[in-house]
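Engineer: Build me a model:
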Amino acid sequence: MDNVSNPLGSFLRARRELVTPEQAGITGDGLRRVPGLRREEVAMLAGISADYYLRLERGRDRSPSVQVLESIARVLQLDDEHLEHLLALVTEVPRRRRRRTRREPVPPGVLSMLHSLVQPAFIEDRYFDILATNHLAQTLSPGLTVGRNQLHDLFLDSEEQARYPDWTGMTECFVASYRQAVGTDIDDPRYIELVGELSLASPRFRELWARHDVRAQRGSLIRFEHPQVGALTLNREAMTIGGTNGLTLVVYHPDRGSADEDKLALLASADVPFAETSRNDAPSSSRPVHSPAAEHAADPDVR
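Structural biologist: Numbering: from 1, shown residues only. Next up, the predicted model:
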């Protein structure tokens, strides 16, 4: 059953496959046909019947109690963010398919503040589309240009991938953050379109998407391999913009007194030509997204 019609089952199955018997305290019993825990093992450790757990994974019971879900979460070793996501999957919220605009306008005051910042900064939506950016952000990477999509570039643009020495770790963080940002709104056409495209084109994306990792954005270090200044390490801070539907201000800043601060100052003084730096009606990605992927993305949980 696909992820749209049975998100709870897809999530439980993916997370069950990530827990080894040893992690769950089960002694080895020879060869196993499935990775991770068996359904009956999860049920036993959670204190519920195997038949009931099977009904949950198959979408036949969509109203389990909080206590049951918390017991399952304990067995699956879910952290608070994954538990919150699990509970949200069974919350009875009226669902209605609705058309979304591709772009939410950036508030004028926020846009003005963005261009007054002396550090690289940009505004992204929950799909990681770049909605607005300042000049210094674009000196770090062409991928931080209005109209580009960071997920698209991270998985499908080889030049962009080469800019990030920690590409493997970045892909993990971005996919987990994307799933957290969209939450249970999995009938969103933009969500289906982007996941479908990446799932068809990127084995790495398919691998990570199948894990159902969920993680909110938080402060972290990001490393660049820059063609002008070489290795560059910056702090990445993401701040939600109040009064908007998921817009985030992202700021990169160096440690004070570091060589990275000097390198960033050098980039700031350079006259690097770029295209328009902010536009609310920009295209949704760096390339047209319409492709056979959208037609084959009825199940965004491509495995």
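Engineer: quick one: residue 52 and residue 40 touch, right?
Structural biologist: No: here residue 52 does not reach residue 40: they are 11.2 Å apart, not a contact under C-beta atoms under 8 Å. (Glycine included, C-beta is placed from N, CA and C.)
Engineer: what number of residues lie near residue 176?
Structural biologist: Using other C-beta atoms under 10 Å, residue 176 has 21 neighbouring residues.
Engineer: And for residue 228?
Structural biologist: 11.
Engineer: my guess is it meets residue 267, correct?
Structural biologist: Yes: counting by C-beta under 8 Å, residue 267 is a contact partner of residue 228 at 6.8 Å.
Engineer: where do the contact lists of those two overlap?
Structural biologist: Common contacts of residue 228 and residue 267 (C-beta atoms under 8 Å, 6 or more residues apart in numbering): none found.
Engineer: what residues go with each domain of the protein?
Structural biologist: 7-89, 108-295 (automatic domain parsing).
Engineer: Can you show me the strands along the stretch 151-300 of the chain?
Structural biologist: Ranges of strands in the stretch 151-300 of the chain, per DSSP state E, counting those that start in this stretch, are 220-226, 230-240, 248-253.
Engineer: Can I get the domains of the chain in TSV including mean pLDDT?
Structural biologist: As requested, the domains of the chain are exported to TSV (pLDDT from 0 to 100):
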stretch	mean pLDDT
domain 7-89	86
domain 108-295	85
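Engineer: how about the helices of the stretch 101-250 of the chain, start to end?
Structural biologist: Here the stretch 101-250 of the chain has its helices, by DSSP state H, counting those that start in this stretch, at 108-116, 135-140, 150-156, 158-162, 167-182, 189-201, 203-209.
Engineer: Nearest to residue 85, out of the strands of the stretch 151-300 of the chain?
Structural biologist: The closest of the strands of the stretch 151-300 of the chain to residue 85 is strand 230-240. By C-beta to C-beta, the value is 17.7 Å.
Engineer: what element comes up after the helix or strand encompassing residue 67 heading to the C-terminus?
Structural biologist: Here residue 67 sits within helix 66-75, counting by DSSP states H and E. Tracing the chain C-terminally past helix 66-75 and defining elements by DSSP H and E, one meets helix 80-89 next.
Engineer: Centroid-nearest residue for this protein?
Structural biologist: Centroid-nearest residue in the chain, with C-alpha atoms, centre = their mean: residue 178, separated by 2.0 Å.
Engineer: where's that residue relative to residue 33, distance?
Structural biologist: 31 Å (C-beta to C-beta, to the nearest Å).
Engineer: Could you do residue 200 as well?
Structural biologist: Residue 200 is 28 Å from residue 33, by C-beta to C-beta.
Engineer: mind listing what residue 150 touches?
Structural biologist: Contact partners of residue 150, counting by C-beta under 8 Å, 6+ apart, are 124, 128-130, 143, 174.
Engineer: and those, which of them are in strands?
Structural biologist: The members of the contacts of residue 150 that map onto strands under DSSP state E are 124, 130.
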